[in-house]
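In: quick one, fold the following:
(2 chains)
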2 protein chains.
Amino acid sequence: MSLLIKHLENILGIDIEDEALFKRAFMHKSYVNEQKHHLLESNERLEFLGDAVLEIIVSDYLYNFYPEEPEGSLSRTRAQLVREPSLALLARKNDFHEYIQLGKGESASGGNNRDSILADCFEAFLGATYLEQGIDVVTNFLNKQLLLNHQDILKQVNLDYKTLFQEKAQTHGTVLIEYRLISKKGPDHNQIFEMGLFVDDKLISRGKGNSKKQAEIQAAKIAYQHLIGEVS
Amino acid sequence: MSLLIKHLENILGIDIEDEALFKRAFMHKSYVNEQKHHLLESNERLEFLGDAVLEIIVSDYLYNFYPEEPEGSLSRTRAQLVREPSLALLARKNDFHEYIQLGKGESASGGNNRDSILADCFEAFLGATYLEQGIDVVTNFLNKQLLLNHQDILKQVNLDYKTLFQEKAQTHGTVLIEYRLISKKGPDHNQIFEMGLFVDDKLISRGKGNSKKQAEIQAAKIAYQHLIGEVS
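Out: Prediction:
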């Protein structure tokens, strides 16, 4: 039995029957495309399925957990839980970055630490688990890993706007991201820092706070929300 | 037992326990907002849930039905099956328009025949069925109504571009839609008609065909795809 299968059996607390199915969940298309024979399938079809499995399990949970919340609020929470940064967080927590199979180019450029690749792999893993074990095993797994502590996870993901912005800004290639002090005002015991977020030397956004770090997070949050279209 | 509940029991082939739950699936927010007491809930939360139930059942089916299709193709087919016109078609087929409860304004403007309202009601009905009866009952229902004949339904929905365009064009209010003959060419046994689609007297698109109807469908298809951004 491969290390990957053993690892997944530990995570899920089950015996895996179809090893090839679970291995496929960790095969990025860049890896499959490099193989000389064309017998392997990438994880994309499993991701298609896993995406929908994740959606119903999260929806069911939120529907019952927030009996008084209107639909709009449920939809926003669901969107935050199933978006890339949250899924990438779970993939990293389960060491998926150590098992993803990538093509040479993708691997050399650090693809196994890219949010999009990690999130897709996580969804494909859910798809494989659903196919072999059924929805209850996936539900148990997601309850433990995502849903019972979903408020903490949302906090964790939302606080980390500097990483979020960096990931998103680098989608199409490397850019230089810097935070520079714009101003420092007020008495020593109550200073207000204003930090600027610069991308390739261009000022993108500004943030204020009682520390440089707080001001940087604020600037990153504004820039990130703008980038993903949450605020226009 | 109300007519609605009897009707739904027939459709599903089951006994309904929680009548209030299924009735809620047919309560549009415009109806709930008009009630003096605020005890009723609209169908929006059930729609949130039903949307995800529909997604996993359709995804599971397509994944297995098209074992050789790549993810992109599966995603396109899924999107066509779960979009408004397909769901509105199913809602009409099951006479949901006769049972939807709307506010006075919405009702007077023909809301019970609007695709968006019908599709939302259909999803809410799936959500209620899932909550009370579990996913297998919803799967059986969707197999019979949508999935086993999904190729026919796609054809039916895609052919009906005149209705699709009309629905979409009237989203924000009534507009005058007319098809006018632009030209007629060729010998009697092989005439080519060119029809223009006019919205409030403005030419929006043109279509050609061997009959006026065919040319109209072509013009409507072009205008519709442009409207929903499928073709820019």
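In: what's next to the worst-scoring helix or strand of chain A on mean pLDDT, contact-wise?
Out: Here the helix or strand of chain A ranked lowest by mean pLDDT, DSSP states H and E is helix A:150-159, holding a mean of 80. If you take CB atoms under 8 Å, 6 or more residues apart in numbering or on different chains as the criterion, helix A:150-159 is touched by A:61, A:77, A:80-81, A:85-86, A:89, A:146, A:164, A:217. In this view, the C-beta of every residue, glycine as well, is placed from N, C-alpha and C.
In: for residue A:181, what are its contacts?
Out: A:193-196, A:212.
In: apply 7 Å and report the result again.
Out: Shown in contact with residue A:181 (CB atoms under 7 Å, 6 or more residues apart in numbering or on different chains): A:193, A:195, A:212.
In: which residues in chain A form strands?
Out: Secondary structure of chain A (DSSP state E): strands at A:177-185, A:192-199, A:202-209.
In: sorry, back to before: in helices, which of the contacts of helix A:150-159 appear?
Out: Mapping the contacts of helix A:150-159 onto helices (DSSP state H) picks out A:61, A:77, A:80-81, A:85-86, A:89, A:164, A:217.
In: can you list those residues in a markdown table and add distance to residue B:6 and pLDDT?
Out: Compiled in a markdown table, the ones in helices among the contacts of helix A:150-159 are given as follows (distance: CB to CB, whole Å; pLDDT from 0 to 100):
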| residue | distance to residue B:6 | pLDDT |
| --- | --- | --- |
| A:61 | 33 | 98 |
| A:77 | 37 | 89 |
| A:80 | 41 | 85 |
| A:81 | 39 | 92 |
| A:85 | 48 | 83 |
| A:86 | 44 | 89 |
| A:89 | 49 | 91 |
| A:164 | 52 | 80 |
| A:217 | 58 | 87 |
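In: domains in chain A, by residue range?
Out: Using automatic domain parsing, the domain parsing of chain A gives A:3-159, A:162-227.
In: related to what we said a few turns ago, and the strands of chain A, which is most packed in?
Out: Most buried of the strands of chain A by mean neighbour count (mean count of other CB atoms under 10 Å in any protein chain shown) is strand A:192-199; its value is a mean of 20.
In: quick check: the farthest pair among the contacts of helix A:150-159?
Out: A:61 and A:217 (28.7 Å; CB to CB).
In: picking up where we left off before, drop anything exposed from the ones in helices among the contacts of helix A:150-159.
Out: Neighbour-count burial (16 or more other CB atoms under 10 Å in any protein chain shown) applied to these gives A:61, A:77, A:81, A:85-86, A:89, A:164, A:217.
In: now flag whichever of the residues you listed is closest to residue B:138.
Out: Using CB to CB, those come closest to residue B:138 at residue A:61, 17.6 Å.
In: once you drop chain neighbours, what's closest to that closest one?
Out: residue A:147 (4.7 Å; CB to CB, 6 or more residues apart in numbering or on different chains).
In: how about stretch A:69-80: buried residues?
Out: For stretch A:69-80, the neighbour count (16+ other CB under 10 Å) marks A:69, A:71, A:74-75, A:77-78 as buried.
In: ditto for stretch A:124-139
Out: Quick answer for stretch A:124-139 (16+ other CB under 10 Å): A:124-131, A:133, A:135, A:138-139.
In: ranges for the helices of chain A?
Out: So, for chain A - with DSSP H - the helices run A:3-12, A:19-24, A:29-34, A:44-65, A:71-82, A:84-93, A:104-108, A:115-133, A:135-142, A:150-159, A:161-169, A:212-227.
In: measure stretch A:132-152 end to end?
Out: 30 Å (CA to CA, to the nearest Å).
In: what's the answer for stretch A:95-108, then?
Out: Stretch A:95-108: ends 18 Å apart by CA to CA.
In: which ones are touching residue A:115?
Out: Counting by CB under 7 Å, 6+ apart, residue A:115 touches A:84-85, A:88, A:167.
In: from these, which would you call buried?
Out: For the contacts of residue A:115, buried by 16+ other CB under 10 Å: A:84-85, A:88, A:167.
In: quick check: the residue of chain A most remote from its centre vs chain B, distance?
Out: Most distant from the centre of chain A: residue A:187, at 40.3 Å, with distances by CA atoms, centre = their mean. Residue A:187 sits 50 Å away from chain B, going by CB to the nearest CB, to the nearest Å.
In: ramachandran angles for that residue?
Out: phi -70, psi 160 (degrees, to the nearest 10).
In: check it and give its pLDDT.
Out: Listed pLDDT for residue A:187 reads 85.
In: where does pLDDT dip in chain A?
Out: A:158-159, A:230-232 (pLDDT under 70).
In: give the contact list for residue A:86.
Out: Per CB under 7 Å, 6+ apart, neighbours of residue A:86: A:80, A:153, A:157.
In: ok, 6 Å please
Out: Contacts for residue A:86 (CB atoms under 6 Å, 6 or more residues apart in numbering or on different chains) come out as residue A:157.
In: count residues in the vicinity of residue A:145, would you?
Out: Residue A:145 sits with 17 neighbouring residues when counted by other CB atoms under 10 Å in any protein chain shown.
In: how much space separates the residue lying closest to it once chain neighbours are set aside from residue A:153?
Out: Closest residue to residue A:145 apart from its sequence neighbours, by CB to CB, 6+ apart: residue A:90 at 5.7 Å. Noted for residue A:90: a distance of 8 Å to residue A:153, by CB to CB, to the nearest Å.
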